[in-house]
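Participant: Generate coordinates for the sequence data below:
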Amino acid sequence: MAARLMSAQAQVCRLGKHVVAEAPVVRQFHASCYTASKVALSKFDSDVFLPYEKLNKRLEVVRGRLNRPLTLSEKVLYSHLDDPANQDIVRGTSYLRLRPDRVAMQDATAQMALLQFISSGLKKVAVPSTVHCDHLMGGATETLGWIRDVKKGDKNTIVTSYNRNFTGRNDANPATHCFVTSPELVTALSIAGRLDFNPLTDELTGSDGKKFKLKAPFGDELPAQGFDPGQDTYTAPPASGENVKVAVDPKSTRLQLLEPFDKWNGKDLEDLTVLIKVKGKCTTDHISAAGPWLKYRGHLDNISNNMFIGATNYENNEMNNIKNQRNGSWGGVPDVARDYKANGIKWVAVGDENYGEGSSREHAALEPRHLGGRAIIVKSFARIHETNLKKQGLLPLTFANPADYDKIQPTSKISLLNLNSLAPGKPVECEVKNGSKVDKITLNHTLNDLQIGWFKAGSALNRMKELAQ
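Facilitator: Next up, the predicted model:
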């Protein structure tokens, strides 16, 4: 049997009137008794059924090509390939073209995804799509702790029961240390109000002045009567969305309808200004900080005010302080980028190794594009962020010779040449101008034919709209 998850409950599978098997419940990709059953895709799609037979056929094609055992993850992915017979399959290299039957989006990224989709002008999604709100629930159940005013730069500690423990995530303070532990211990430390509290041995003082100890936590591993499904507030959409308009208050600071990004004009990108040359580590959190900024996830212009504020400027070893090459003033990175955009100046950002590691936060790609960026040139990329840049129509480029990073200065002008002949595997010619000196360097990319189409159209969504017309 292929991938399967066992349950303690038994289930009888019948074909017609004949009992085929009585065994523990098994979820699997192929077994005739299960594929013969009609299972709804979701409670919202009662007349659309899980396509076990189709998934199994795709999987068998891939199994025959690879001729080796497949992991569970591989079975899930490969059974959803759009063209399993011809799909290039190389671990860590290939971009898989998938054809899912439903898309379930996490709320943190879905908000911007929905706004982007609206901006594309497409009438409807290709497959049913839903948003689940784990962050809304998590905010109520997991963020236990005591709150006090802490100035940025002051040492602080936050203890949480969920894995948002990287620098600045919870309070935008780089001096805050974040630790992950159990919900029980977070609760105990919150009640005590100090980090060295040991609930096994230490006492607390009640309002009556008496000493007491916390009892050890207890409870059922699973609720005896099952989980409360909660209140179903789902409202079905209209059968046709042709006449539906999404109204967003133009005064809103948290939601903003978007305009499609501009299409590439077919010309080389010449004399681009260097917005910032980043020194050292640059994660998606350095590019688009979290913490208090997360409330602007649905407002691209407002959240763009955090762009690169955590990145270290090569020129002065400072964060969020760069020189405006247009007028010679110094300012925050977003402010300078906005000045460039207002004056029609296109720019690039230059980075170090593993640029964009960490969270797959799409805002870290949206913000540079929104504020006038055209390319990101680095020594190497974190793979997911590199793909996010491609989707927004930015050129993610890497130095063929990493030492060429040193040839680019904050005052340099960058030209990306012969873009009309941009092709998979073909390096990009680049000229770096420092005054009267011109260095010619080579930049590599991993764009495939599909992604080059995204760049030319201005974004992946722009390209989808072109194909739909």
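Participant: the helices in this protein, which residues?
Facilitator: Listed in chain order, the helices of the chain (DSSP state H) span 32-35, 52-66, 72-78, 107-120, 134-141, 183-192, 284-287, 300-303, 333-342, 363-370, 383-391, 449-457, 460-468.
Participant: Quick one: those as TSV, columns for mean neighbour count and distance to Leu294 too.
Facilitator: The way it works is simple: take the backbone N, C-alpha and C, and place the C-beta from them, glycine included. Shown next, in TSV, are these (neighbours: other C-beta atoms under 10 Å; distance: least, C-beta to C-beta, whole Å):
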stretch	mean neighbour count	distance to Leu294
helix 32-35	17	41
helix 52-66	17	36
helix 72-78	16	29
helix 107-120	18	8
helix 134-141	11	9
helix 183-192	17	20
helix 284-287	24	11
helix 300-303	19	8
helix 333-342	20	16
helix 363-370	25	9
helix 383-391	21	17
helix 449-457	18	27
helix 460-468	18	23
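Participant: now the ones you listed in CSV, with mean pLDDT and distance to Gly356?
Facilitator: As requested, these are exported to CSV (pLDDT from 0 to 100; distance: least, C-beta to C-beta, whole Å):
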stretch, mean pLDDT, distance to Gly356
helix 32-35, 48, 41
helix 52-66, 94, 30
helix 72-78, 93, 23
helix 107-120, 79, 15
helix 134-141, 42, 22
helix 183-192, 91, 31
helix 284-287, 93, 6
helix 300-303, 96, 17
helix 333-342, 98, 16
helix 363-370, 96, 6
helix 383-391, 94, 3
helix 449-457, 96, 16
helix 460-468, 91, 17
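Participant: among those helices, which is nearest Ile376?
Facilitator: In terms of C-beta to C-beta, the element of these nearest to Ile376 is helix 383-391, at 5.9 Å.
Participant: of all the helices of the chain, which lies closest to Leu419?
Facilitator: That would be helix 449-457 among the helices of the chain, by C-beta to C-beta, at 8.5 Å.
Participant: Extract the CA atoms of the closest one and return them as PDB.
Facilitator: Taking Å, rounded to 0.1, in the frame of the first residue of the first chain, the C-alpha atoms of helix 449-457 are listed here in PDB:
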ATOM      1  CA  ASP A 449      10.700  30.000 -19.600                       C
ATOM      2  CA  LEU A 450       7.600  30.300 -17.500                       C
ATOM      3  CA  GLN A 451       9.300  32.700 -15.100                       C
ATOM      4  CA  ILE A 452      10.800  34.800 -17.800                       C
ATOM      5  CA  GLY A 453       7.300  35.300 -19.000                       C
ATOM      6  CA  TRP A 454       6.500  36.600 -15.500                       C
ATOM      7  CA  PHE A 455       9.300  39.100 -15.700                       C
ATOM      8  CA  LYS A 456       8.200  40.400 -19.100                       C
ATOM      9  CA  ALA A 457       4.600  40.700 -18.100                       C
END
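Participant: Now do that helix: which elements does it pack against?
Facilitator: Judged by 3 or more C-beta pairs under 8 Å, 6 or more residues apart in numbering; DSSP states H and E, helix 449-457 is in contact with helix 383-391, helix 460-468.
Participant: how big is the angle separating the first one from helix 449-457?
Facilitator: Computed by axes from the mean of the first three to the mean of the last three C-alpha atoms, to 10 degrees, the angle separating helix 383-391 from helix 449-457 equals 50 degrees.
Participant: gap between helix 383-391 and the chain center?
Facilitator: With C-alpha atoms, centre = their mean, to the nearest Å as the basis, helix 383-391 stands 9 Å off its chain's centre.
Participant: Break this protein down into its domains, please.
Facilitator: 5-101, 142-207, 269-468 (automatic domain parsing).
Participant: From start to finish, how long is the last one in a straight line?
Facilitator: Its start and end residues considered, domain 269-468 measures 28 Å (C-alpha to C-alpha, to the nearest Å).
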